[in-house]
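Peer 1: missing the sequence, but the structure's below:
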């Protein structure tokens, strides 16, 4: 199986998690915290009339807690507006490239009208890679590009 072929042909549906949590922009941050805890996830999507307008992640939550922000403020004041997204026909390779370039751990998957269809996470991509390429993943040495600095022996 060619590694690059699969990453450039298989869509993000194979590596995405289930349905994302969606909240309205005027929902209090406290509700986002509760939903994230209850669903054991690191993000919620913010949707206005079923269209994605933002994302709120655990990174945003940490900033709020560090600042001592009132958790009853609307989530729209603290979300990332117009987040980078993927469409459900984008490839796993494109998802990896966007995540790597932007430093994202999660990307929403939206349809042509901007409605959330899913959420892809780095853990989902890792699971995808392990499932498709177990011999490559499991046989990697702990330090794949290790070279000794000194000559071994006496």
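Peer 2: Nice, thanks for sending it over. What you see is a predicted model; the values in this text were computed from it and never measured.
Peer 1: what about the protein, any weak spots by pLDDT?
Peer 2: For the chain, residues meeting the criterion pLDDT under 70 lie at 1-6, 17, 135-154.
Peer 1: Which parts of it are helices?
Peer 2: Under the criterion DSSP state H, the chain contains helices at 3-7, 29-39, 58-67, 92-102, 122-132, 134-138.
Peer 1: Any chance of TSV for the ones you listed, columns mean neighbour count and distance to residue 49?
Peer 2: Backbone N, C-alpha and C define where each C-beta goes, glycine included. Listed next are the helices of the chain as TSV, based on neighbours: other CB atoms under 10 Å; distance: least, CB to CB, whole Å:
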stretch	mean neighbour count	distance to residue 49
helix 3-7	13	34
helix 29-39	16	18
helix 58-67	14	22
helix 92-102	16	26
helix 122-132	16	27
helix 134-138	10	42
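Peer 1: Among the ones you listed, which comes closest to residue 23?
Peer 2: helix 29-39 (6.0 Å; CB to CB).
Peer 1: on that earlier part again, for the helices of the chain, which one sits closest to residue 110?
Peer 2: It's helix 92-102; of the helices of the chain, that one is closest to residue 110 (CB to CB) at 13.0 Å.
Peer 1: what does that closest one contact?
Peer 2: The contact list for helix 92-102 (CB atoms under 8 Å, 6 or more residues apart in numbering) reads 4, 6-8, 10-12, 14-15, 84, 86, 104-105, 107, 120, 122, 125, 128.
Peer 1: how about 6 Å then?
Peer 2: Helix 92-102 is contacted from outside by 7, 8, 10, 12, 15, 84, 86, 120, using CB atoms under 6 Å, 6 or more residues apart in numbering.
Peer 1: and the angle from it to helix 122-132?
Peer 2: Per axes from the mean of the first three to the mean of the last three CA atoms, to 10 degrees, the angle that helix 92-102 makes with helix 122-132 is 140 degrees.
Peer 1: So what's the gap between helix 92-102 and the chain middle?
Peer 2: 10 Å (CA atoms, centre = their mean, to the nearest Å).
Peer 1: now stretch 99-117
Peer 2: In terms of CA atoms, centre = their mean, the centre of stretch 99-117 is found 8 Å from the chain centre.
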